[in-house]
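Novice: dropping the sequence and predicted coords here.
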Amino acid sequence: MTGGRSGIGEAAARAYAEAGANVVITGRDEQRGEQIVASLTKDGARARFIRADLARFEDVRRLATKVEHVDVLVNNAGVFPFAPTHEVESEEFDATYAVNVKAPFYLTGAFAPRMAADGGGAIVNVTTMVASFGFPGLALYGSTKAALELLTKTWAAEYGPQGVRVNAVAPGPTRTPGTEPMGEGLDQIATTLPLGRPASAQEIANAALFLGSNEASYINGAILAVDGGRTAV
């Protein structure tokens, strides 16, 4: 579980733990990561934290070697800068693509063959509704997640024959610590949706758990919209 120390990632880690999974979460904040692990193990789950900054390729490579057996990989970690295209600096561009595209690309390449060798598995990528349409200020973020959605379909075709399913969850506006800086802007975006409200992190986590479970055993290459109906309008 990349990016499992807050928001959607933390909610998904808890959902998988409650379902009986042995959870490994990653992130840059070691103190916060260990707090989450402590709360999970207190409830009887098996969990551990591995510190990794996914903007640093050496950390991504180290993460791939520190976890040997994986049944389900959730590529959740992401950064979402909000700025007009002409204000995006080169360093920010590179860091966003490193975390949102390069890290899941490498981790999938590392873990999918191991899953296949072990008899199968599942990969769940977390994208966004703005991977499917243009939204002012989100050109950089949306383009990285559009790339991840294309990779989801490609990996489904590439690894599906080997017993590894690859799908994605595409959330709409979601209330998390990461979206707090948006303030009322999050609610304003949500008013454009048929359901008219932001999602909770748990609602997105439920979808990520489903796609990684045996209940989704015949789903491969799908982009599951969890966006309050945005794809319907």
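Specialist: Yep, that arrived. Residues are numbered from 1 along each chain as shown.

Novice: which residues in the chain form strands?
Specialist: Assigned by DSSP state E, the strands in the chain fall at 22-27, 46-51, 72-75, 121-126, 164-171, 174-175, 199-200, 223-226.

Novice: what packs against the longest one?
Specialist: Using 3 or more Cβ pairs under 8 Å, 6 or more residues apart in numbering; DSSP states H and E as the contact definition, the elements that strand 164-171 packs against are helix 103-117, strand 121-126, helix 139-159, helix 201-212, strand 223-226. Glycine gets a C-beta too; all of them are placed from N, C-alpha and C.

Novice: V79 contacts A95, correct?
Specialist: Yes. The pair formed by V79 and A95 meets the contact definition of Cβ atoms under 8 Å, at 6.8 Å.

Novice: common neighbours of those two, please.
Specialist: Shared contacts of V79 and A95, defined by Cβ atoms under 8 Å, 6 or more residues apart in numbering, are found at A55.

Novice: just the pLDDT for T231.
Specialist: On pLDDT, T231 comes in at 87.

Novice: on that earlier part again, and the helices and strands packed on strand 164-171: which comes nearest A38?
Specialist: Taking Cβ to Cβ, helix 201-212 is the member of these nearest to A38, at 19.4 Å.

Novice: report the angle between that closest one and strand 121-126.
Specialist: 150 degrees (axes from the mean of the first three to the mean of the last three Cα atoms, to 10 degrees).

Novice: helix 201-212: which residues count as buried?
Specialist: Of the residues in helix 201-212, those scored as buried under the neighbour-count criterion (16 or more other Cβ atoms under 10 Å) are A201, E203, I204, A205, N206, A207, A208, L209, F210, L211, G212.

Novice: avg pLDDT for it?
Specialist: Along helix 201-212, the predicted confidence averages to a pLDDT of 97.

Novice: which strands and helices sit next to it?
Specialist: In this structure, helix 201-212 makes packing contacts with helix 7-18, strand 72-75, strand 121-126, strand 164-171, strand 174-175, strand 223-226, judged by 3+ Cβ pairs under 8 Å, 6+ apart.

Novice: setting aside sequence neighbours, what's the nearest residue to A199?
Specialist: Distances taken as Cβ to Cβ, 6 or more residues apart in numbering put T174 closest to A199, at 4.5 Å, once the chain neighbours are dropped.

Novice: what are the phi and psi angles of the most centrally placed residue in the chain?
Specialist: Relative to the mean C-alpha position of the chain, the nearest C-alpha, by Cα atoms, centre = their mean, is the one of N76, at 1.8 Å. Per-residue torsions, N76: phi -100, psi -30 (degrees, to the nearest 10).

Novice: which one of the buried residues of helix 201-212 is nearest G221?
Specialist: Using Cβ to Cβ as the measure, the one of the buried residues of helix 201-212 that approaches G221 most closely is L211, at 11.1 Å.
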